[in-house]
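> Sequence first, predicted model second:
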Amino acid sequence: MLIPTIVLLELCVILAKKEQDYIETVNAVLASDFVQSIALDNRVVCEAMRLGIGRLELHDLIIVAVARLNKAAVITKDPEISGVGLAKTIW
């Protein structure tokens with residue numbers, strides 16, 4: 001499973017709001033053999049620009065850019081991501 005680093009940060013925010021230990025949770029996710037984190041690098045930035053800044057919220061655009069670069073689907077229930085049709089979505 002590919003996880004953009006922005007998603008890990010979103011997870012931290014959600015868990016912190018619930019006063020849960022986000023550091024331990026993120027470390028467990030990263031330690032999994034089934035997870036590969038994908039950094040925000042120049043390729044992702046260029047793909048996001050190509051897709052069109054402003055078409056989605058910035059973090060969603062980064063997630064979609066990572067999916068497209070890796071020919072992967074996005075697991076989401078966010079109607080904005082699935083509705084824009086830039087990447088295959090599941091859920």
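Looks like it came in fine. Predicted model only: the values in this text are computed from it and were never measured. Numbering: from 1, shown residues only.

> can you map out the helices along the chain?
5-17, 22-31, 42-51, 58-69, 79-84 (DSSP state H).

> Which one of these lies nearest to residue 90?
Of all the helices of the chain, helix 79-84 sits nearest to residue 90, with 9.1 Å by CB to CB. Where C-beta positions appear, they are placed from N, C-alpha and C, glycine not excepted.

> Residues touching the closest one, excluding its own?
With contacts defined as CB atoms under 8 Å, 6 or more residues apart in numbering, helix 79-84 is touched by 55-57, 60, 63-64, 74, 76, 87, 89.

> Kindly report which residue of this structure is located farthest from the centre.
Using CA atoms, centre = their mean, the residue of the chain lying farthest from its centre is residue 19. It sits 22.2 Å away.

> Could you measure from it over to residue 28?
Distance, residue 19 to residue 28, by CB to CB, to the nearest Å: 18 Å.

> Could you give the bridge partners of residue 4?
residue 38 (DSSP bridges).

> For residue 58, see how far away it is.
Distance from residue 4 to residue 58, by CB to CB: 12 Å.

> Neighbour count for those two, which is higher?
With neighbours defined as other CB atoms under 10 Å, residue 4 and residue 58 compare such that residue 4 has more, 22 against 11.

> Enumerate every residue touching the more buried one.
Neighbouring residues of residue 4 by CB under 8 Å, 6+ apart: 37-38, 40, 44, 62-63, 66.

> now do residue 66
Residue 66 neighbours (CB under 8 Å, 6+ apart): 2, 4, 38, 44, 47, 72.

> I'd like those as TSV, with pLDDT appended.
Output for the contacts of residue 66, formatted as TSV (pLDDT from 0 to 100):
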residue	pLDDT
2	96
4	97
38	97
44	98
47	97
72	97
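
> Relative to residue 18, how far out is the residue minimising distance to the centre of the chain?
Central residue of the chain (CA atoms, centre = their mean): residue 63, 3.7 Å from the mean position. The gap separating residue 63 from residue 18 is 22 Å, by CB to CB.
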